[in-house]
Each structure stands twice: as C-alpha cells, then as structure tokens.
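S.K.: Sharing a model that was predicted from the sequence below.
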Amino acid sequence: MKEPLAPQTLNLGAYLSAVREGIRSLEERQFADRLWRRDPGLWKTDPKNQEIIRNALGWLHVAEKMEKHLDDLSEFVDEVRAAGFRHVVHMGMGGSSLAPLAFGMILPRPEDSLPLTVLDTTDAATILEIGRNIPLRETLFIVASKSGTTAEPLAFGEYFYAKVREVKGDRAGENFVAITDPGTPLVQMADKRGFLRTFLSLADIGGRFSALSHFGLVPAALMGVNVGELLVRTRRIVRACGPSVPISENPGVILGAVMGELALRGRDKITFLMPESMATLGLWLEQLLAESTGKEGTGVLPVAEEPLGAVSAYGEDRLFAYIRLQDEMDDSLERLVTDLQKAGQPVITIRMEDRMDLARELFRWEIATATAGAILGINPFDQPNVQESKDNTNRLLAKVRQMGRLLEPNPTLDEPPLHLYSYGAEQTENARDLLKTFFAKTRPGDYIALQAYLTETPAITKALQTIRQRLRDVLRVATTLGYGPRFLHSTGQFHKGGPNTGLFLQLTADDAEDTAIPDTPYTFGVLKRAQALGDLQALRKHRRRVIKVHLGPDALQGLATLARIVEAALGIP
C-alpha cells in the first residue's frame, strides 16, 4: 500500500485485515479497470440506475478535457479585466458553489487578483450586505446551475440583474455570466438578456463532482489562481489512480475501501481534522460524501469543523481523516492524532506539500467516494431525497401565491425569546425538560445535526460551535453544523436517505431585514422560511427525531438563551 504521488498513511488497528480483504475483493472484481471503462455494474444492475451512472462519470477525464479550455479561460479573464470589472460574485448552490468557495479561501493568488464573493444562501441580510459592499456597475455576476433550474441561483440572478438594470438599463446583461449544461433554460435566459458569456460545462459530470470543470475553474481563473497548475496536479493523481495501477497502490481506491469497509462495521462517521486555513475543504467534502453515500438507509457521514476534543469525547463509530499541510503544521492537531492512534481509533493521514495540492485531493476523494459507494451497494451519483425538500418548498410557496402568506404551525412551547416546536412524544412545561427528553433519545452511534437557517456571521458560528461542543462532550456522539439552505444541497441527502441515526435541531430566527425577489409575490425571508419548513416536513416524513427552535428577533441573544437551556438539559452545572 504505497502511494508515492499522493502520500497517505493508514493507522487502522483492528480494522486493517478487513480493509485488506476489501481490497482483495475489489481486485477480484477488477474494480479500477471497470471504473475507468465506466461500467455501471460496479454499483447497480437495474436499467434506471445504470443509465444515471453512465451519464455521471465524465469527471474521470475532466483534467485532460479542461486543459483544452485553458487558453479560452485566460482570454476570458483578460476580457473581464479590460472591461473594467473590479469584483466577482459567484451565485450557486452545493457543487456549483462549494468548490469556488474552497478555491477562494485556500488557494494562493496574486495581490492584484479580482476579489470573489460566493453567494449560496437565501438569507436576506447576507444578500443585502453583499449589494451594499460591491461596486455594482463594475461587478461581474456568475449564475451557476448545472440544470439551469436551481431555484436559489436563479433568484440571486434575478435580484442582482434588477439592481444592475437600474444603473445600466438594457446593457445589464454585460455584467452576467452563466455556467450550465447545454440546452438548459439558463442558456436561453443568458442569450435573451445578452450575458457577457455562457460557459457550457460537461454534461456527463454531476454537480458535486464538478469542481475541476467550468463550475470551479471559471471563478478560479477570475481570482487569478494558476488553473494550469491545478490541472497538472490533477493529472498526477489521475495517473496514480489509473486502471493500470494495482489497487493495493491506488490511493483513491484504498481510501474508499477504508471508508466503505469501516462503515459496514459501524464506523460510518468520517471526522476531518485539518488546519483552520483548509476548513472550507471540509464543506466541499461534506457535500461530496453525504450527498453521494447517504441513501438506502446507509452512508458515510462527514463530520467537518467539529471543535477538537479529548480522546474520551469520541465514540467507537468514528473514522478520522487527518489532512496534514506540510508547510502549516498544527501542534494541537498533531497531538490529538497521536493520542487517537494510541487509543486505537482508526486514522488516515494525508500529506499535502502545499495548498495547490488541493486539486489532487479533490480527485482523490472523488475516486474514494465512488469506491465506497460500490462497497455499500448504492448509486453514488444520484440524490433522490434532495428533490423531496425542494418539492415541499415549492408547495409551500404555491400557497403563498394563493393566500399571500406562509402558513406555519403554532409552537409547542413558548419560553421567550424562544419558541419551540416538538414533533415527538415530548410534553413538558419548560424548555429544559423538553430538550432533556429529546436528548435522552440519543443512542450510541447516533449523531446530532444543528441546522442553522440563520445569518452566517463569526459570532453566530462561535455560539453554535459552543453548543455543538457541549452536545458532543456530554452525549459522546458526532455532531454536524450546517447553514441552511446550503446544507440542503449537501448533508440534506444523508439526513433523509441515510440511516435513521440523526437527531435534528432546526434553528430559525426573525429576519432583521428583508428584500423582495423580483417577479415573485414573496421575499427572500419567506423563501428561507419555506425552505426550513419544507425540510422539516421531509424529516418528519422519514420519522427522524427533530425539534425546531425559533430564536426570536435577535439570533445571537436567542442562541445565548438556548445555550443555557441546553447546558441545563445536559446536567452541566
């Protein structure tokens, strides 16, 4: 098991023999050769799934295909700069936004590069803040949607198109770029409005596998990232994971075998440990793994950005992935990994020489995800439960069109400033007992998901992370934190399609400010509330354990109150 081009070290303890057996089984199935031949039989045998799979494996050859577009990308960047643009706003969801977000936060770029803002939330305060802080006339807006019908980026596009139209009139389209598949409604819109450019991506690549296609590389090029070097690094890992490489030396397949085999044995939560500077890679990995594997009652739950804890805080359902950045060593992470290994916890260590190795990691984890999916017997290239929440939201918004308002249920319990909504057997007189009863349902191997339909700020994230750490340390279960609606295109698939091991705490608050969506009878605030309610309905349909807490007019104050109640419910003095 040696990977000279993509170093990784396995410390699996008692699980090493199971992984070796899994690798032997993959060799007998000729997994690598069949993967590169796009054989859908590796995952499913029914015609419907096989058709989906056949049309979703273009990412295997994305590096060589995108190298042909390097000159075009370079010329486009020159055109944008010559036109006087001073800022870029990339508007997408899930796979269409998380790679640009990771590239922007992680990769080195020149000092004179165009600043890029990624918009992937329907939170009105965030949208308004972006509008106030950009030079509207000199900002290039990218509308990114593979299907060309994704509700959120289309709404963002409508909002900012109307704003630009106020200052540029019929020439507003010059400030817009589309990235989508051929023949989508977004192509037609871009043509009608005279967008500066429409990039047609590779149709045989699914959204969450599209990081190294136009969806990731167009914004990366605009930021001044060395896109050619990204593809060079990708080609190296492609060779290391190629069909002629023995599986015992294939870094991507080995990683997938570890995830799949350990998940079958109850260690189905992969916890990412990485430097703070690499944190947004965790968001990208969340959507890749959760949306790909969380279905048919199984899956691998990614746990990203969980506060570091003592070894005793982690249960026996974890697999740890330590991503070690050679030139940014973190002593606290090194100590924790050493302690975890001594305690017998399985750990994979992946060594990156520098941040440009990010491209290598994206492809390694894509291969690993496809491999884990084959071991788990699921189709890693569909997302059946993502559409479910969308359909619920659309039904709620249809009612808004008819009645002029969003119909929402009454709370189970009011404890100002909090309003609590319980959907189980909990019948209590105060919030502490309600949460105590709820947390008592936790079993070994469960996880707790904080679903925050809130404005994402450092202060709110810090407050949520504090609550998250308390829950992890006392209940000794894995915890996740996702901002809505971003997580609906990510871990949301796992929440409904994965194993019924989650306890969900949905958090909402009043909107401090709001703004209308052009050509609709509702605001972004109403849309976000409908998305939260639609997801809540989907969780209940799948008999998930869930409580909603509305934090009131001041989200930060509400979180402080909730934190005290959570601590009391957990018995923390």
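M.R.: Looks like it arrived, so ask away.
S.K.: What distance do you get for Thr437 to Pro411?
M.R.: Counting by CB to CB, to the nearest Å, the separation of Thr437 from Pro411 is 16 Å. Every residue, glycine included, has its C-beta placed from N, CA and C.
S.K.: Now do the end-to-end distance for stretch 372-383.
M.R.: Using CA to CA, to the nearest Å, the end-to-end distance of stretch 372-383 comes out at 16 Å.
S.K.: Mind listing what's buried along that stretch?
M.R.: Of the residues in stretch 372-383, those scored as buried under the neighbour-count criterion (16 or more other CB atoms under 10 Å) are Ala372, Gly373, Ala374, Ile375, Leu376, Ile378, Asn379, Pro380, Phe381, Asp382, Gln383.
S.K.: can you put the residues you listed in TSV and add secondary structure, pLDDT and distance to Ile467?
M.R.: Shown next, in TSV, are those (DSSP: H, G, I helix; E, B strand; the rest coil; pLDDT from 0 to 100; distance: CB to CB, whole Å):
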residue	secondary structure	pLDDT	distance to Ile467
Ala372	helix	98	30
Gly373	helix	98	33
Ala374	helix	98	37
Ile375	helix	98	34
Leu376	helix	98	31
Ile378	coil	97	32
Asn379	coil	97	35
Pro380	coil	97	32
Phe381	coil	96	35
Asp382	coil	94	33
Gln383	coil	91	29
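S.K.: ok, now which ones touch Val80?
M.R.: Leu114, Leu140, Leu196, Leu222 (CB atoms under 8 Å, 6 or more residues apart in numbering).
S.K.: cool, and Leu107?
M.R.: Under the criterion of CB under 8 Å, 6+ apart, the contact list for Leu107 reads Ala220, Met223, Val225, Leu230, Arg355, Met356, Leu358.
S.K.: quick one, what contacts the last one?
M.R.: The neighbourhood of Leu358, defined by CB under 8 Å, 6+ apart, consists of Ala102, Phe103, Ile106, Leu107, Leu230, Leu281, Met352.
S.K.: Let me know the secondary structure of Val143.
M.R.: Per DSSP: H, G, I helix; E, B strand; the rest coil, the local secondary structure of Val143 is strand.
S.K.: okay, now it: neighbour count?
M.R.: Residues contacting Val143 under the criterion other CB atoms under 10 Å number 28.
S.K.: need the contact list for the closest residue in space to it that isn't next to it in sequence.
M.R.: In space, Val143 comes closest to Gly157 once its chain neighbours are excluded; the distance is 4.2 Å by CB to CB, 6 or more residues apart in numbering. With contact taken as CB under 8 Å, 6+ apart, Gly157 is in contact with Met91, Phe141, Val143, Phe176.
S.K.: Confirm for me that the second one is in contact with Asn175.
M.R.: Yes: judged on CB atoms under 8 Å, Phe141 makes contact with Asn175 at a distance of 5.8 Å.
S.K.: from the contacts of Val80, which ones fall inside helices?
M.R.: Secondary structure assignment by DSSP state H places Leu222 of the contacts of Val80 in helices.
S.K.: Helix or strand: which one has the closest residue to Ala151 other than its chain neighbours?
M.R.: Excluding its sequence neighbours, the residue lying closest to Ala151 (CB to CB, 6+ apart) is Lys390, at 7.2 Å. Using DSSP states H and E, Lys390 maps to helix 384-403.
S.K.: Contacts made by that helix with the rest, please.
M.R.: Around helix 384-403, the neighbours that count as contacts under CB under 8 Å, 6+ apart are 151, 291, 294-295, 406-407, 488-489, 492-493, 495-497, 521-522, 526-527, 530-531, 533-535, 537-538, 541-542.
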